[in-house]
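>>> Build me a model from this:
(one chain, ligands or ions: 1)
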Amino acid sequence: MFNVDKIREDFPILKRTVHGKPLVYFDNAATSQTPQIVIDTIVDYYSNYNSNIHRGVHTLSQEATDKYEEARIKIQKHFNAKEAYEIILTSGTTHSINMVASGFASLLNKGDEIIVSALEHHSNIVPWQMLCEKTGAILKVIPMTDEGSLDMKTYHNLLNDKTKLVFSNHVSNALGTVNPIEEIIAAAHKVGAAVLIDGAQATPHIKPDVQALNVDFYVASAHKLCGPTGVGLLYGKQEWLEKLPPYQGGGEMIATVSFEKTTYAGLPHKFEAGTPNICGGIAFGAAIDYMNSVGFDAIANYENELLEYGTSELLKIDGLKIYGTSAEKTAVISFNVNDIHPYDIGAILDKLGIAVRTGHHCAQPIMDFYKIPGTIRASFSFYNTKEEIDILVQGVKRATMMLS
Ligand code: PMP
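Numbers count the residues shown, from 1 in each chain. Purely as a prediction, here's the structure:
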């Protein structure tokens, strides 16, 4: 039985107040909160075995190396990668995408086509535009529909033998839409294109199985699933990681170095130049353990209840419009009230202790599609409650009255 009161005890930050009011944290799509067990892991690392990894003979270095590599295996198991060395630890989703985009610069030719979805975060648009500028490849876009889903008929028509790469997020950060990635991947493979899925917003709610998906690259950030900032993963199929050149040169990523010739280390080290975020990687492993101890089915069921409740309560407010109404959604509600600027409502909600995100959510093309400057985005996590949603609804009503 899912016990939210007990779960809330795991998150010390949920006890704090903001402007004298209990914190209501609904900005989970931007970053999630950190349970005590992950905080303890970070404190333990710096208190007891802080040390550089992979090259020390001394005890601290060996302990840190073991814990870091154990974390990689936890991540491998969680995502069901075939091999631990297919998990590259990065500084997060943005870093992971840039690694792949930069690697493909040497594999693409002028006139090759790459397809990106209209629902992307800027971090899954800009690196591909940069790649097109470098290589002369052409960027095509899968359009979106009014309900905030992908127009899959057009996607199938866009695919052809010039298509080399396809990118989509698993879940849209601005609207919460869950994209049909199984269909996207299978169709891309039929024309021989590789697929990168941005799982930044999916991984807090869904446990992806990269082998079952048969995806070529899957990327995510630890801070969205109860881990620390500055760490994330790039999963890549071994054959692709071997094909791509290294992203950065430096220590850790080499086999031998001389001024005449350097040879590169094997996977995953080829892509992990320099001292990594050691503590972050270990804490990422702890966060994955924590999320699995709560259970992804329980998380999805409970968050779905919050989504249904929040949607029906918010829609009772006059003039409130929700953007992103697809049947397949995670617990994100993106909305506006009449033509009030989202920032003005967000600022009043903050005074009431309620944290929401306002603006374009790094997804300007979606806002352009709806012809709006931005939205108010309330994104729920498994530690939120219906009582907190009631506080949000009252807050939005109050802000609307003040601003009308
Ligand atoms: N993609 C999506 C869908 C996101 O929601 C985010 C974070 N908002 C990113 C990419 C970028 O993640 P990060 O800032 O952790 O690199």
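>>> For the residue in the chain sticking out farthest from the centre, which three-state class applies?
Within the chain, the residue lying farthest from the chain centre (C-alpha atoms, centre = their mean) is E260, at 40.7 Å. Recorded secondary structure, E260: coil (DSSP: H, G, I helix; E, B strand; the rest coil).
>>> Looks like Q76 contacts L89 (just checking).
No: using C-beta atoms under 8 Å, Q76 makes no contact with L89, being 11.0 Å away. Heads up, the C-betas are built off the backbone N, CA and C, glycines and all.
>>> ok, these two, which is more surrounded?
Set Q76 next to L89 and count neighbours by other C-beta atoms under 10 Å: L89 wins out with 24 against 19.
>>> what's the domain layout of this protein?
Domain assignment for the chain by automatic domain parsing gives 4-30+295-403, 39-292.
>>> dump the residue contacts of L241.
86, 88, 267-268, 270-271 (C-beta atoms under 8 Å, 6 or more residues apart in numbering).
>>> before we move on, the earlier item: would you list the domains of the chain in TSV and tack on mean pLDDT?
Putting the domains of the chain into TSV (pLDDT from 0 to 100) gives the following:
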stretch	mean pLDDT
domain 4-30+295-403	97
domain 39-292	96
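>>> To the ligand, which of the ones you listed lies closest?
domain 39-292 (3.2 Å; C-beta to the nearest ligand atom).
>>> Pipe the domains of the chain into CSV and attach distance to the ligand per row.
Below are the domains of the chain laid out as CSV (distance: least, C-beta to the nearest ligand atom, whole Å):
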stretch, distance to the ligand
domain 4-30+295-403, 6
domain 39-292, 3
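>>> my read: G250 touches E272, true?
No: using C-beta under 8 Å, G250 is not in contact with E272; the gap is 9.4 Å.
>>> Between the two, point out the one with more neighbours.
When G250 and E272 are compared on other C-beta under 10 Å, the one with more neighbours turns out to be E272, at 23 against 11.
>>> Excluding covalently adjacent residues, which one is nearest to that one?
E252 (5.6 Å; C-beta to C-beta, 6 or more residues apart in numbering).
>>> so who does the one you found touch?
Applying C-beta under 8 Å, 6+ apart to E252 gives the contacts 54, 265, 269, 272-276.
>>> One more pass at 10 Å, please.
52-55, 265, 269-276 (C-beta atoms under 10 Å, 6 or more residues apart in numbering).
>>> Which of the residues you listed ranks first by neighbour count?
Highest neighbour count within the contacts of E252: F271, with 26 neighbours (other C-beta under 10 Å).
>>> For that residue, which non-adjacent residue is spatially closest?
Excluding its sequence neighbours, the residue lying closest to F271 (C-beta to C-beta, 6+ apart) is I88, at 4.5 Å.
>>> Sketch out the helices for the stretch 101-250 of the chain, chain order is fine.
126-135, 152-158, 181-190, 210-213, 238-243 (DSSP state H, counting those that start in this stretch).
>>> mind checking the longest helix of this structure?
For the chain, the longest helix by residue count, based on DSSP state H, is helix 59-79.
>>> what's it packed up against?
helix 36-44, strand 87-90, helix 210-213, strand 217-221, strand 232-236, helix 278-294 (3 or more C-beta pairs under 10 Å, 6 or more residues apart in numbering; DSSP states H and E).
>>> Kindly format the C-alpha coordinates of the second one as PDB.
The C-alpha trace of strand 87-90 is given here as PDB (Å, rounded to 0.1, in the frame of the first residue of the first chain):
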ATOM      1  CA  ILE A  87      26.600   3.200 -19.600                       C
ATOM      2  CA  ILE A  88      28.700   6.400 -20.000                       C
ATOM      3  CA  LEU A  89      28.500   8.600 -17.000                       C
ATOM      4  CA  THR A  90      28.100  12.200 -18.100                       C
END
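>>> picking that back up, contacting residues for the residue nearest to F271?
By C-beta under 10 Å, 6+ apart, the contact list for I88 reads 72, 95-96, 99-100, 217, 219, 232-236, 241, 247, 267-272, 276.
>>> swap in L315?
L315 neighbours (C-beta under 10 Å, 6+ apart): 321-322, 333, 335, 393.
>>> Which of those residues has the largest number of neighbours?
Among the contacts of L315, the one with the most neighbours (other C-beta under 10 Å) is I333, at 28 neighbours.
>>> isn't it right next to F26, touching?
Yes: using C-beta atoms under 10 Å, I333 is in contact with F26, at 8.8 Å.
>>> list residues touching both of those two?
Counting by C-beta under 10 Å, 6+ apart, the contacts common to I333 and F26 are 306, 310, 356, 376-380, 389, 392.
>>> Closest to A81 out of those?
For these, the closest approach to A81 (C-beta to C-beta) belongs to S379, at 27.2 Å.
>>> Report the beta-bridge partners for that closest one.
Following DSSP bridges, S379 is listed with bridge partners D27, V332.
>>> where does it sit relative to E239, distance-wise?
36 Å (C-beta to C-beta, to the nearest Å).
>>> Looking at these two, which is more packed in?
S379 (27 against 10).
>>> what's near enough to touch the more buried one?
Counting by C-beta under 10 Å, 6+ apart, S379 has contacts 25-30, 32, 173, 176, 201, 204, 224, 303, 307, 330-334, 356-357, 361.
>>> thought T229 was touching A287?
No: T229 lies out of contact with A287 (C-beta under 10 Å); the separation is 11.5 Å.
>>> what touches both of the two?
Joint contacts of T229 and A287 (C-beta under 10 Å, 6+ apart) are 34, 222-223, 280.
>>> Buried ones among the residues you listed?
Buried by 16 or more other C-beta atoms under 10 Å: 34, 222-223, 280, out of the shared contacts of T229 and A287.
>>> Find the centremost residue of the chain, please.
A200 (1.0 Å).
>>> Can you name the residues that contact that one?
29, 92-94, 96-97, 121, 123-124, 169-171, 173, 219-221, 223-225, 232.
>>> mind running it again at 6 Å?
93, 220-221, 224 (C-beta atoms under 6 Å, 6 or more residues apart in numbering).
>>> Dump the residues you listed to JSON lines, plus neighbour count.
JSON lines is the format used below for the contacts of A200 (neighbours: other C-beta atoms under 10 Å):
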{"residue": "T93", "neighbour count": "26"}
{"residue": "A220", "neighbour count": "29"}
{"residue": "S221", "neighbour count": "30"}
{"residue": "K224", "neighbour count": "27"}
